[in-house]
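Trainee: sequence plus the predicted model coming up.
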Amino acid sequence: MIKIQASQVRREFQVKSNTGKKEKLLVMDNFNLQVREGEFLSILGPSGCGKSTFLNILAGLDQHDGGEILVDGLPVKDRSFDRGLVFQGYALLPWRTVLENLEIGLEIRKIGKKERKAIARQYLDLVGLAAFANQYPHQLSGGMRQRVAIARVLAYQPNLLLMDEPFAALDAQTRETLQIELIKIWEADKKTIVFITHSIDEAILLSDRVAVMTARPGTIKDIIEVPLSRPRTEEIRNSAEFVRLRQYAWELIKDEVSKAQRLQTGAKESEDHEKTG
Ligand SMILES: Nc1ncnc2c1ncn2[C@@H]1O[C@H](COP(=O)(O)OP(=O)(O)OP(=O)(O)O)[C@@H](O)[C@H]1O
């Protein structure tokens, strides 16, 4: 079954250049992607190619200007608790303790207090923060807050998980631990996950398929099937198949990274040119 169907998606933003001129920035164009129910799909692409824009639209936080995006056959209109979001810096409620923050989604699902607390503790334990249950978000480091945000979304088990570089701000060891935990959780109940990352290794380790995007305007360049067996463990990174996939993904993405860099430098040069004359 198809969970997400994106067809001919187009998104442009009105932006102001440094000189104050209004311009249109075409961020996504002719973007087509299908995500299957229960699939773990990662999106890799150079900076600025529209990855977060796509996730924001899927989350109901932004809108597209053309084409169609369907989730479970219906257009995305609004935020929904069936879609769990883990975005960078996605806010925790500052007036609630860590444990109470984890309980939010469970409250909305009308789970009783005792069970709610037990589930919240279980997921807090999973991200290694059991000892911080009664602290407030401002008492934690940035990485710890991000772990709470991840635990919160995992705890209430949405049908669709949208994760935008959820591990980017974490130290290498925590990142590896959480990658393996996420694999375990996903392998146990196979919710659909759309996962954005800049790490080729992370994408291959976690995913069933990896969608590689072009530089702006972002479109899908290719989709890599990841036939590595499951359950996946750390050691799989050393397998010949993993190394082959990593090389293939890099071949696909490297020209797009150069293009994205040229786009950025080009935009800066034209602004400088306008300023001087
Ligand atoms: N609300 C907005 N208004 C104007 N421009 C925007 C807006 N949101 C995003 N952009 C621009 O759209 C482009 C794509 O942004 P987006 O965040 O989707 O890229 P990304 O692929 O997620 O990048 P990164 O990998 O660096 O996070 C960027 O050039 C960004 O500056």
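Mentor: Yep, it's here. Numbering: from 1, shown residues only.
Trainee: just the buried residues of the longest helix belonging to the chain, please?
Mentor: Ranked by residue count under DSSP state H, the longest helix found in the chain is helix 240-276. Buried positions in helix 240-276, judged by neighbour count with 16 or more other Cβ atoms under 10 Å: Phe242, Leu245, Arg246, Tyr248, Ala249, Leu252, Ile253, Glu256, Val257, Ala260, Leu263, Ala267. (C-beta placed from N, C-alpha, C; glycine too.)
Trainee: so which bits of the stretch 51-200 of the chain are right by the ligand?
Mentor: Proximity of the stretch 51-200 of the chain to the ligand, by Cβ under 6 Å from any ligand atom, involves residues Lys51, Ser52, Thr53.
Trainee: which stretches of the stretch 1-150 of the chain form strands?
Mentor: Counting by DSSP state E, counting those that start in this stretch, the stretch 1-150 of the chain has strands at residues 2-16, 22-36, 40-44, 66-71, 74-75, 83-86.
Trainee: could you chop this structure up by domain?
Mentor: Each domain of the chain is listed here as a residue range: 2-82+158-274, 91-157, per the TED database.
Trainee: now render those as CSV, adding mean pLDDT.
Mentor: Rendered in CSV, the data for the domains of the chain read as follows (pLDDT from 0 to 100):
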stretch, mean pLDDT
domain 2-82+158-274, 91
domain 91-157, 91
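Trainee: just the element for the nearest residue to Ile104 once chain neighbours are set aside, please.
Mentor: Nearest in space to Ile104, with sequence neighbours left out and distances taken as Cβ to Cβ, 6 or more residues apart in numbering, is Arg152 at 6.7 Å. Using DSSP states H and E, the element containing Arg152 is helix 142-156.
Trainee: check which helices and strands that helix is in contact with.
Mentor: strand 83-86, helix 98-108, helix 113-126, helix 172-189 (3 or more Cβ pairs under 8 Å, 6 or more residues apart in numbering; DSSP states H and E).
Trainee: go with 6 Å
Mentor: Contact partners of helix 142-156 among helices and strands, from 3 or more Cβ pairs under 6 Å, 6 or more residues apart in numbering; DSSP states H and E: strand 83-86, helix 98-108, helix 113-126.
Trainee: okay, those in JSON lines with distance to Ile43 and mean neighbour count next?
Mentor: Below are those laid out as JSON lines (distance: least, Cβ to Cβ, whole Å; neighbours: other Cβ atoms under 10 Å):
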{"stretch": "strand 83-86", "distance to Ile43": "14", "mean neighbour count": "22"}
{"stretch": "helix 98-108", "distance to Ile43": "24", "mean neighbour count": "20"}
{"stretch": "helix 113-126", "distance to Ile43": "25", "mean neighbour count": "17"}
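Trainee: which one, of these, ends up nearest to Gln63?
Mentor: Checking those against Gln63 by Cβ to Cβ gives strand 83-86 as the closest, at 15.2 Å.
Trainee: that closest one pairs with which strands?
Mentor: Paired strands of strand 83-86, with direction, are strand 160-164 (parallel) (DSSP bridges).
Trainee: one step back: what's the helix holding Arg152 in contact with?
Mentor: With Cβ atoms under 6 Å, 6 or more residues apart in numbering as the contact definition, helix 142-156 has outside contacts at 84, 86, 90, 92, 98, 101-102, 105-106, 119-120, 123-124, 127, 129, 137, 166, 169-170, 185.
Trainee: would you list the phi and psi of the closest residue to Gly45 other than its chain neighbours?
Mentor: Leaving aside its sequence neighbours, Gly45 sits nearest to Met213 (Cβ to Cβ, 6+ apart; 3.1 Å). Dihedral pair for Met213: phi -100, psi 160, per degrees, to the nearest 10.
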